[in-house]
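S.K.: Here is the input, now give the coordinates:
(2 chains, ligands or ions: 2)
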Amino acid sequence: MNRSRIAPTVIVTLAALYFLVPLVATLEFSMRMVRGTYSLKAYQVVFADPRFQATFSFSVIAALCTIVIGALLVVPTAYWIRLKFPRLRGLVEFITLLPLVVPPIVLVFGYLRIYNSSSWLPFTATIAGTNVLLVFGYAVLSLPYMYRAVDTGMGAIDIRTLTEAAESLGASRRTILMRVILPNVRAAILSGAFLTFAIVIGEFVLASLLNRPAFGPYLQLVGANRAYEPAALAMIAFAITWACMGFLQLFGSGVPGRRLGSTILRFGKRGR
Amino acid sequence: MSFLEISGVRKSFGPTTVVHDFDLSAEKGEFISFLGPSGCGKTTMLRMIAGFETPSQGTIRIDGEDVTHVQPNARRIGMVFQAYALFPNLTIADNVAFGLKVAGRPKAEIATRVEEMLALIKLPHLASRYPYQLSGGQQQRVALARAIAVKPRVLLLDEPLSALDAKIRVSLREEIRSLQRELGITTIFVTHDQEEALSMSDRIVVMSEGRIDQIGNPFEIYNKPRTRFVAGFVGTLSVLEAVATGGTGVRIGEEAIVLSGAPAVQPGTSLSLALRPEAVSLHPSPERINRLAGRIVDVAFLGSVVRMRIATAGGTVLVDSFNDPATPPPQRDTAVTLHFTAAGIYPLEGAGDAPVAAAAA
Ligand SMILES: Nc1ncnc2c1ncn2[C@@H]1O[C@H](COP(=O)(O)OP(=O)(O)OP(=O)(O)O)[C@@H](O)[C@H]1O
Ligand SMILES: [Mg+2]
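M.R.: Ligands and ions are numbered 1, 2, ... in the order given. Predicted coordinates for the structure are as follows:
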């Protein structure tokens, strides 16, 4: 081996080990529930647990709601900023980054102070209200990712000229947004959506402090009381995250003008 | 009353005024070009007609209706952009159908119209393709079809050809012009390419620094430029310094020259004269009553044309002569006499600092 390539190889190997060893160890451990042999018993137990099913579906629904709200909030905002107030882009980008800087615990305490049952907007007085508050909180947490993805997607197409072209053809602003802008940033919204999904599925602080039966608090609960099941759950959560990343890779590279279907088709063809 | 009336339009962005006192009336079916250098306000004026910008002052009327403050989507204008601006997510047919769908036309009517439009631009076989699968020239034709599918009252084109290569540019401009004639649609065409403007337009509006320098048909603009700017910007031209001697006479160096009309200056004052390369000959003839001595500085053989730079007492003059297979082009440094008619040389008004070709050459 060439001398100059030894150092990089060592570094890459060390990094790979750093990531893979805990992963492999967890996987190995998760399969040792039955003494003496490897089995998927821990996974069976996890999947059979009604609380797993309940919390997981709660979080999936919360994630889907978050994605819809996030997209409804972010797409028109990013569009409008790019079209009418390009000078404010820096500021808006900074604001959308705040959730990365302000810890979720601060966010949730703020929510509890403002929206508690004795406030003028008592979100937490009812379960439905608390769920809504939770989803709004998730939308805030996912804002940096959603906004960045959508804004970048809009940068890839000439928003202004497309808008003007549609306008000169008689289209209203709403029509333009629905028929011209949205379809052309669909790939970007999707990649934002997968990130949002990954964040919401594992989120603990908000769900726990708002006392909602989400997947994050369940993970924590099981982790504190059982031995093998948490390892299995960790592997499941990991698989979900990786699936999201995979989809993100697949759709994130979608070129505007090529439909999702054709993106998949192209991948299929390339694979053959 | 004309079909498109722009009166007293001014546009300022903050403290800078980009368009000054713009007045223009276009007849129905007329093809008008806005010609001028980069940054002179052509696009801004076009965007005001389209409704994307609002004039700071003045009015714009289309077919008698004051549209100065009407939203762009209610103006019924067609617009073609330099960057094509096709909707990337829609097929060619859906792109052309967009305006009709937005207007809520019946499905059958849309289908017929789209077919008709695609036949008109000779691309019916590409109906189900996507824009990214088309060449630039094809995309621009689709953009044109999309704009005229809705039967707009005015068609606006902002440098639609400048992103294309030379050959396509020429064929597409002929196509645009014949389509426009066929449909009789009032058209404003923005360009900074004088050849495009001269070859396509019924009338040309020459602009510089936000003002109209001259409006006229291509023949007038080329042969009777009103200002030094127009003369310099449209076509190639030599500028000679002369002194008025009274009546139609002027003096260039020591030589007396006769103009076709008296210049609007006092005798004894200096003035600039313009001379087109093709108006000058090295051979005498009865009509070419003016002569000017010079020396050949440079000879460029351009194929069908031989272009010479000749130094004279009034400045450097460009002279074009047709290639004659029997006579080789003249040598550098030869003394020659230039012959030209009284109508071939004319005074320039205004001091517009035009990029004068002779000076730059
Ligand atoms: N929105 C705007 N805000 C401020 N200034 C502007 C704006 N739009 C145009 N301008 C200025 O107005 C002037 C004219 O611009 P315009 O785009 O009309 O020129 P143009 O003749 O179309 O030039 P080109 O041939 O380069 O396209 C330019 O100096 C430009 O900087
Ligand atoms: Mg322009």
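
S.K.: any chance you could map the helices in the stretch 201-350 of chain B?
M.R.: Ranges of helices in the stretch 201-350 of chain B, per DSSP state H, counting those that start in this stretch, are B:218-223, B:228-233.

S.K.: so of the ones you listed, which one's packed in deepest?
M.R.: Ranked by mean neighbour count under mean count of other CB atoms under 10 Å in any protein chain shown, these are led by helix B:228-233, which reaches a mean of 26. In this view, the C-beta of every residue, glycine as well, is placed from N, C-alpha and C.

S.K.: just checking, what packs against that one?
M.R.: For helix B:228-233, the elements it packs on are strand B:203-208, strand B:211-216, strand B:238-246, strand B:270-275, judged by 3 or more CB pairs under 8 Å, 6 or more residues apart in numbering or on different chains; DSSP states H and E.

S.K.: and the closest residue to ligand 1 within chain A, how many residues sit next to it?
M.R.: Going by CB to the nearest ligand atom, ligand 1 is nearest to residue A:86 of chain A, at 10.4 Å. When neighbours are counted by other CB atoms under 10 Å in any protein chain shown, residue A:86 registers 10.

S.K.: how near is it to residue B:71?
M.R.: Per CB to CB, to the nearest Å, residue A:86 is found 21 Å from residue B:71.

S.K.: cool, residue B:95 as well?
M.R.: Relative to residue B:71, residue B:95 is positioned 22 Å away (CB to CB).

S.K.: When those two are compared, which one has more neighbours?
M.R.: Neighbours of residue B:95 and residue B:71, each counted by other CB under 10 Å, are more numerous for residue B:95; the result is 27 against 12.

S.K.: sorry, back to before: of the helices of the stretch 201-350 of chain B, which shows the lowest average pLDDT?
M.R.: The minimum mean pLDDT among those belongs to helix B:228-233 (a mean of 85).

S.K.: near chain A, which residues of the stretch 151-300 of chain B show up?
M.R.: Applying CB under 8 Å from any CB of the partner chain, we find that the stretch 151-300 of chain B lies next to chain A at B:152, B:156.

S.K.: who in the stretch 51-200 of chain A is up against chain B?
M.R.: Contact residues (CB under 8 Å from any CB) of the stretch 51-200 of chain A with chain B: A:157-158, A:161-162, A:164-172, A:175, A:179-180, A:183-184, A:186.

S.K.: Swap in 7 Å and give it another go.
M.R.: Within the stretch 51-200 of chain A, the positions adjacent to chain B are A:157-158, A:161-162, A:164-165, A:167-172, A:175, A:180, A:183-184 by CB under 7 Å from any CB of the partner chain.

S.K.: Packing partners of the helix of greatest length in chain A?
M.R.: If you go by DSSP state H, chain A has its longest helix at helix A:50-84. Packing partners of helix A:50-84 (3 or more CB pairs under 7 Å, 6 or more residues apart in numbering or on different chains; DSSP states H and E): helix A:89-101, helix A:127-156, helix A:159-168, helix A:186-202, helix A:215-225.

S.K.: is it true that residue B:80 touches residue B:147?
M.R.: Yes. Contact status for residue B:80 versus residue B:147: in contact at 5.2 Å, counting by CB atoms under 7 Å.

S.K.: ok, and what's touching stretch B:148-161?
M.R.: Contacts made with stretch B:148-161 from outside it, assessed by CB atoms under 7 Å, 6 or more residues apart in numbering or on different chains, are listed as A:169-170, B:4, B:43, B:46, B:49-50, B:62-63, B:76-82, B:96, B:99-100, B:103, B:113-114, B:117, B:140, B:147, B:169, B:172-173, B:183, B:185-191, B:196.

S.K.: okay, how far is it across that stretch, tip to tip?
M.R.: Taking CA to CA, to the nearest Å, the first and last residues of stretch B:148-161 lie 17 Å apart.

S.K.: Can I get the helix or strand that residue B:167 is a member of in PDB, CA atoms only?
M.R.: Using DSSP states H and E, residue B:167 sits within helix B:166-183. Taking C-alpha atoms only, helix B:166-183 is exported to PDB below (Å, rounded to 0.1, in the frame of the first residue of the first chain):
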ATOM      1  CA  ALA B 166     -26.900  32.300 -34.000                       C
ATOM      2  CA  LYS B 167     -28.500  30.000 -36.600                       C
ATOM      3  CA  ILE B 168     -31.600  29.200 -34.500                       C
ATOM      4  CA  ARG B 169     -31.900  32.900 -33.700                       C
ATOM      5  CA  VAL B 170     -32.300  33.800 -37.300                       C
ATOM      6  CA  SER B 171     -34.700  31.100 -38.200                       C
ATOM      7  CA  LEU B 172     -36.800  31.600 -35.100                       C
ATOM      8  CA  ARG B 173     -37.000  35.300 -35.600                       C
ATOM      9  CA  GLU B 174     -38.500  34.700 -39.000                       C
ATOM     10  CA  GLU B 175     -40.900  32.300 -37.500                       C
ATOM     11  CA  ILE B 176     -42.000  34.700 -34.800                       C
ATOM     12  CA  ARG B 177     -42.500  37.400 -37.400                       C
ATOM     13  CA  SER B 178     -44.600  35.300 -39.800                       C
ATOM     14  CA  LEU B 179     -46.700  33.900 -36.900                       C
ATOM     15  CA  GLN B 180     -47.300  37.400 -35.600                       C
ATOM     16  CA  ARG B 181     -48.300  38.600 -39.100                       C
ATOM     17  CA  GLU B 182     -50.600  35.600 -39.500                       C
ATOM     18  CA  LEU B 183     -52.400  36.200 -36.200                       C
END
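
S.K.: what helices or strands is it leaning on?
M.R.: The helices and strands touching helix B:166-183, judged by 3+ CB pairs under 7 Å, 6+ apart, are helix B:136-149, helix B:194-200.

S.K.: in the longest helix of chain A, what counts as buried?
M.R.: Using 16 or more other CB atoms under 10 Å in any protein chain shown as the test for burial, helix A:50-84 gives A:52, A:55-56, A:58-59, A:62-63, A:65-67, A:69-71, A:73-76, A:78-79, A:81-83.

S.K.: Which secondary structure element of chain B has the lowest mean pLDDT?
M.R.: Lowest by mean pLDDT, DSSP states H and E among the helices and strands of chain B is helix B:357-360, with a mean of 36.
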